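Participant: this is a predicted model, with the sequence first.
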Amino acid sequence: MRRLLIAFLVIISQSSCLKQSISDAMIASQNSGTQGGNSPGVATMTYAVNGNTVTITVNDPDSQIPTAYQLGCSKTVYPGTSSTVYSLDCLSTSGEMTNTFFTDSLAVGNYTYTGIYGDMFVLSYNGTDEYIHDPADSISFNITSYSKGHISGNFSGRLTPMIMAGNPNNTYGSPGSVLITQGSFKDVPVFY
Amino acid sequence: MLKGILTSILFFIVINSEAQLGVMKMVGNNTKNYSFGIGAYIKGVFPVSQAGDLTLELGANIFFLNDGGSGDGTALVPIKAGYRYSLNGTGMGFYVEPQIGYNIYGVTSANVDGTTENFTFHGLVLAAGTGYLFLIGNTPLDLNLHYETIIDHGGSDNYISLGLSFYLHFGKRDSEQ
């Protein structure tokens, strides 16, 4: 009886180690079907940093690794908290860009983060990290379409460059001196 | 098939049964937005020895999402067969109870592309429980703790439950007759 019970407990503990809940597994299955059957073929993001245009194009974006993609959006736990957020990330030759959607239910709409909430990294451009730092800084994303696991929209922002990382305080440049304009993204896959 | 199962359950209930209300909590990946759930079951009990009972249980569990959304969640209707073994061999006191079964109906809501969608599923049910059978006056009670997992579509939903059962009719064991 004891051996039988131990074997049963082992089976239960092993089955409980499945990484996904049933709903997540079904969503992933659904998305793989829709993305596989109606893959947009290409995902794009473009924006201008003080007038200098950055463009990222990824072919077959759905085939990217959900944990290591060039352009995508993923659901994750915000570092240092237990809150679930969505992170839109892209990697270009000029650097990386990331935007956090502070929601556990991503939907069409506007997401704005301002400096009054605290410092937040947004992008690096040619070796300089640009932050939301000054209270007047902000980044505003509009998701205009969310369909079959892909989002599209536009964004703009006002950022402050970080001149030197320091401990305990970073050194920042002229507040609001970095303008993000003409930002848009299209058919970016959302990974669960 | 379902009719046969329900008929069997009704038969078991007539013979010897207990009912329970309990509180539950989803555990595991992506469950932090779930508040406490509630559950109830009826259980047919067949004494097969002084220490052991075969059990057949039909439950209904509801877990509420507390994510600031439309207030959906997960509902389950599992049916399970198990073996309840009392550790002191008397049929009372502490016991352990492994169970295996099938989720007759399950539905869970999730945010997909910004809208709430409901997903229905079934799946294999595995459970392990422990509890304490005791009497208050002439009323038999069962305070128990269960861990349960439902496996379907390559994922699993897991929860723990704490419940108090009361017997609708308490069958006599051989030694008591």
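Facilitator: Thanks, I have it. Numbers count the residues shown, from 1 in each chain, chains lettered A, B, ... in the order given.
Participant: need the contact list for the residue most central in space within chain B.
Facilitator: The residue lying closest to the centre of chain B (CA atoms, centre = their mean) is residue B:59, at 5.3 Å. Applying CB atoms under 8 Å, 6 or more residues apart in numbering or on different chains, we find residue B:59 in contact with B:39, B:40, B:41, B:76, B:77, B:78, B:79, B:80. C-beta coordinates here come from the backbone N, C-alpha and C atoms, glycine included.
Participant: one more pass at 7 Å, please.
Facilitator: By CB atoms under 7 Å, 6 or more residues apart in numbering or on different chains, the contact set of residue B:59 is B:39, B:40, B:41, B:77, B:78.
Participant: in its sheet, which strands sit next to the host helix or strand of it, and in what direction?
Facilitator: Using DSSP states H and E, residue B:59 maps to strand B:52-64. Strand pairing for strand B:52-64, using DSSP bridges, gives strand B:37-47 (antiparallel), strand B:73-86 (antiparallel).
Participant: out of these, flag the one nearest residue B:139.
Facilitator: Closest to residue B:139 of those is strand B:37-47 (CB to CB; 15.6 Å).
Participant: before we move on, the earlier item: save the contacts of residue B:59 as JSON lines, and put in pLDDT and neighbour count too.
Facilitator: Below are the contacts of residue B:59 laid out as JSON lines (pLDDT from 0 to 100; neighbours: other CB atoms under 10 Å in any protein chain shown):
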{"residue": "B:39", "pLDDT": "89", "neighbour count": "22"}
{"residue": "B:40", "pLDDT": "89", "neighbour count": "14"}
{"residue": "B:41", "pLDDT": "88", "neighbour count": "22"}
{"residue": "B:77", "pLDDT": "94", "neighbour count": "16"}
{"residue": "B:78", "pLDDT": "94", "neighbour count": "25"}
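Participant: quick one, strands of chain A?
Facilitator: A:42-49, A:52-59, A:71-77, A:84-92, A:95-101, A:109-114, A:120-125, A:128-132, A:138-147, A:150-164, A:171-172, A:178-191 (DSSP state E).
Participant: show me what from chain B comes close to chain A.
Facilitator: B:28-33, B:67, B:69, B:85, B:96, B:98, B:108, B:110-114, B:119, B:121, B:126, B:128, B:147, B:149-158 (CB under 7 Å from any CB of the partner chain).
Participant: give me the buried subset of those residues.
Facilitator: With neighbours counted by 16 or more other CB atoms under 10 Å in any protein chain shown, the residues of chain B next to chain A contain buried members at B:28-31, B:33, B:67, B:69, B:85, B:96, B:98, B:108, B:110-114, B:119, B:121, B:126, B:128, B:147, B:149-153, B:155-158.
Participant: show me the shaky parts of chain B.
Facilitator: Low-confidence regions of chain B, defined by pLDDT under 70, span residues B:1-15, B:67-71, B:112-115, B:168-177.
Participant: can you rerun that using 90?
Facilitator: B:1-37, B:39-53, B:64-73, B:88-92, B:108-120, B:134-142, B:152-157, B:163-177 (pLDDT under 90).
Participant: report the longest strand in it, please.
Facilitator: Under DSSP E, chain B gives strand B:93-112 as its longest strand.
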